[in-house]
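Participant: coordinates for the following, if possible.
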Amino acid sequence: MALEGKKAPGFLLQGSDGKQHSLDQYTGKTVVIYFYPKDNTPGCTKEACGFRDNYKELTDKGVVVLGVSKDSIAAHSKFITNYTLPFVLLSDPDCSMMQAYEAFGEKVMCGKKSLGTIRSTVIVGPDGVVSKQWAKIAKAEQHPEQVLEYLRG
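Facilitator: Numbers count the residues shown, from 1 in each chain. All right, here's what the predicted structure looks like:
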């Protein structure tokens, strides 16, 4: 994939925990950053709940999980409350981070082309380099398990 082996793009975004988050603050940790289209929608909910259900194993490995969409912090808060999500969701209203991570662009849904968030994930290693990129995720509900399998080695 295009980002694998490259330094992960920096970012500074507001998180659902009320804090600003930047890639620099995670130096030395493995970070799973998953990009999704919209809070409280069926596919995005299944994916988020998959990361939630595997959260203990991920954190036991020292992995940080961050979800990113263009939704507002208020929408993120509702999503977190509805599904007891234990990780931070970042708000990227201008899609700048998503564009830097190739997670925003043209997509086709029901035969119609549109611009929007491309469901995708990157794993950033402790050195700040992208070790794995899933550029397009077809089955949201199966994806968290794919991430875990990759991290288990």
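
Participant: okay, helices next: where are they in this structure?
Facilitator: 42-53, 55-60, 73-83, 96-100, 143-152 (DSSP state H).

Participant: what comes up buried for the last one?
Facilitator: Neighbour-count burial for helix 143-152, counted by 16 or more other CB atoms under 10 Å, picks out H143, P144, V147, L148, L151. In this view, the C-beta of every residue, glycine as well, is placed from N, C-alpha and C.

Participant: swap in the shortest one?
Facilitator: Within helix 96-100, the residues that count as buried by 16+ other CB under 10 Å are M97, M98.

Participant: next: the first one.
Facilitator: Applying a neighbour-count criterion of 16+ other CB under 10 Å, one finds G43, C44, T45, K46, E47, A48, C49, G50, F51, R52 buried in helix 42-53.

Participant: could you list every helix and strand in contact with that helix?
Facilitator: strand 30-35, strand 63-69, helix 73-83, helix 143-152 (3 or more CB pairs under 8 Å, 6 or more residues apart in numbering; DSSP states H and E).

Participant: which elements pack onto the second one?
Facilitator: Spelled out, it's strand 63-69. Here strand 63-69 touches strand 30-35, helix 42-53, strand 88-91, going by 3+ CB pairs under 8 Å, 6+ apart.

Participant: and of the buried residues of helix 143-152, the nearest to K56?
Facilitator: Distance ranking of the buried residues of helix 143-152 against K56, using CB to CB, places L148 first at 11.1 Å.

Participant: shouldn't G50 be in contact with Q146?
Facilitator: No. Applying CB atoms under 8 Å as the test, G50 and Q146 come out as separate, 9.6 Å apart.

Participant: how close does the residue nearest to M97 when sequence neighbours are not counted sit to Y101?
Facilitator: Take M97 and drop its neighbours on the chain: the residue closest to it by CB to CB, 6 or more residues apart in numbering is F11, 4.4 Å away. The spacing between F11 and Y101, counted by CB to CB, to the nearest Å, is 8 Å.

Participant: more crowded one of those two?
Facilitator: More crowded of F11 and Y101, by other CB atoms under 10 Å: Y101, with 25 against 19.

Participant: show me what contacts that one?
Facilitator: L3, A8, P9, I33, F35, S120, V122 (CB atoms under 8 Å, 6 or more residues apart in numbering).

Participant: for N40, which non-adjacent residue is closest in space?
Facilitator: Nearest to N40 is F79, by CB to CB, 6+ apart, at 5.4 Å.
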